[in-house]
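Participant: here are the coordinates; sequence isn't available:
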């Protein structure tokens, strides 16, 4: 892919396609999230988009409680295998089964009709 | 090497007002009432002020509107927006400006009518974060809940520990006639309250009140000619590590762990010297995190440190003696209230909640979602 010049717009377009993409620094292989015009700290701008593995671990979570009929939902911080952290929601998981450190897997979905990258337990929901 | 002007400036007037949320005042009107009370307390008038450090939640141009409203033509203005810590940051810059002779009388002031006003919660959160807004985090609560969950996971902190913080704050509030919430509150009440964002119940969250606060600062030489016992600024430092909670490396360690040692070094004192700790308790986890980060107990021990009423009246450490953001007031940004309470304690004017013989007080501000951390250390004349 050519030089990244519109990180926010391009990321949104990837999400709309159901893809979780990260930026990678060409010279070092480090990953960056959230997408920026340059690597934080170094200012390096030799960035390219790469497909994330989709593997992650639950760093922390909270159940956002709502008055019915609105449903509760889980906001999570997920540490991706690539070494970056992102906020998302955990779906298809009983609240009682949520554990910090559990393996998660990214999957395309939506929140209130808007495309989003969500996470579910890596082994799938318990039977 | 820091050359902070230790003891060169002092609070000479301080006031809070409007916590009782009587409808009918705008945020500016509440701010102006607090400013005038603080100036009268100092024996001064708006005409004496030449440095204005102002914050209004919904007015990005308060550096102009507040001086206009009060009839001041300042030589120095500032309206730092680091959320609830902005006031401690302003005290730092006010001290430097006063010490440099850029201004002679600095007014730090804030007002909000977020409870009685029509709009509900003040929208002072800035622009939505494009990579997270879609998930509908309910900030700031979501971010603090994430930090709480992580602290519980790493250190065995319990919901009972969190509840101890809320109950201690309430017991202090019951000694403060200005506090908003003064009904009895038990550990069981907190644990049984409506869950808002696990593991935080509504009683783990700060109040939503109106309120305004102001302090007046001058150089030490002039302070001694004014009516009140000066409250000297001995150290002030802030640190900013992130804006969004996802960008904080370890959710159990905040930038207060960087700011506090700098402030203590400037003041030449250590945590064990502090008589009164006024910290920014927007949520119960804050008190635990900040006591750890500022060195009052080891990292991870905050929950056990606050247990058994240890920070309540009569406990081992006087924390948030006005009742804090949890039980006294939380008008959107609370930081200036910790500074007024620190001054009130060091002046020996805190009534039933007075900590006997208080000489050194810490006033802390927290902004954003554990993002900006600012620490100020104040002392009486015999600490100079």
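Facilitator: That came through fine. The structure presented is a predicted model; accordingly, all values stated were derived computationally and were not measured. Numbering: from 1, shown residues only, chains lettered A, B, ... in the order given.

Participant: quick one: contacts for the residue nearest to the spatial centre of chain A?
Facilitator: With distances taken as C-alpha atoms, centre = their mean, residue A:86 lies nearest the centre of chain A, 4.8 Å away. Residue A:86 makes contact with A:33-34, A:77-78, A:80, A:117, B:131, B:246 under the criterion C-beta atoms under 8 Å, 6 or more residues apart in numbering or on different chains. The C-beta positions use only the backbone N, C-alpha and C, and glycine is treated the same way.

Participant: try residue A:116
Facilitator: Residue A:116 makes contact with A:15, A:88-89, A:108-110, B:134-135 under the criterion C-beta under 8 Å, 6+ apart.

Participant: so which helix or strand takes in whichever residue of chain B sits closest to chain A?
Facilitator: Nearest to chain A in chain B, going by C-beta to the nearest C-beta, is residue B:145, at a distance of 3.7 Å. Using DSSP states H and E, residue B:145 sits in helix B:141-155.

Participant: what's that helix packed up against?
Facilitator: On a contact count with 3 or more C-beta pairs under 8 Å, 6 or more residues apart in numbering or on different chains; DSSP states H and E, helix B:141-155 meets strand A:55-64, strand A:73-80, strand B:195-197, strand B:200-201, helix B:284-293, helix B:302-306.

Participant: ok, 6 Å please
Facilitator: Packed against helix B:141-155 by the contact rule (3 or more C-beta pairs under 6 Å, 6 or more residues apart in numbering or on different chains; DSSP states H and E) you find strand A:55-64, strand B:195-197, helix B:284-293.

Participant: got a list of contacts for that helix?
Facilitator: Residues from elsewhere that reach helix B:141-155 (C-beta atoms under 6 Å, 6 or more residues apart in numbering or on different chains): A:60, A:62, A:75, A:77, A:100, B:157, B:196-197, B:199-200, B:245, B:251-252, B:283, B:285, B:300, B:369.

Participant: ok so, going back, per-residue confidence at the residue nearest to the centre of chain A?
Facilitator: You'll see residue A:86 listed with a pLDDT of 98.

Participant: could you pull out the strands for the stretch 51-200 of chain B?
Facilitator: Ranges of strands in the stretch 51-200 of chain B, per DSSP state E, counting those that start in this stretch, are B:51-55, B:76-78, B:105-112, B:195-197, B:200-201.

Participant: Helices along the chain, start to end?
Facilitator: Going with chain A. Assigned by DSSP state H, chain A shows helices spanning A:7-16.

Participant: was after chain B, sorry
Facilitator: Assigned by DSSP H, the helices in chain B fall at B:27-41, B:62-70, B:86-99, B:141-155, B:159-173, B:187-192, B:220-223, B:256-267, B:284-293, B:302-306, B:324-327, B:335-346.

Participant: still on that earlier bit, what's the burial count for the residue of chain B closest to chain A?
Facilitator: Other residues lying near residue B:145 total 30 when counted by other C-beta atoms under 10 Å in any protein chain shown.

Participant: and what of residue B:149?
Facilitator: When neighbours are defined as other C-beta under 10 Å, residue B:149 has 27 of them.

Participant: Distance check, the residue nearest to residue A:90 when sequence neighbours are not counted against residue A:81.
Facilitator: The shortest distance from residue A:90 to any non-neighbouring residue, by C-beta to C-beta, 6 or more residues apart in numbering or on different chains, is to residue A:74 (4.3 Å). Between residue A:74 and residue A:81 the computed distance is 20 Å (C-beta to C-beta, to the nearest Å).

Participant: Same question for residue A:57.
Facilitator: According to C-beta to C-beta, residue A:57 and residue A:81 sit 8 Å apart.

Participant: The two: who's more crowded?
Facilitator: With neighbours defined as other C-beta under 10 Å, residue A:57 and residue A:81 compare such that residue A:57 has more, 17 against 13.

Participant: In chain B, which residue is most central in space?
Facilitator: By C-alpha atoms, centre = their mean, the most central residue of chain B is residue B:335, 2.5 Å off.
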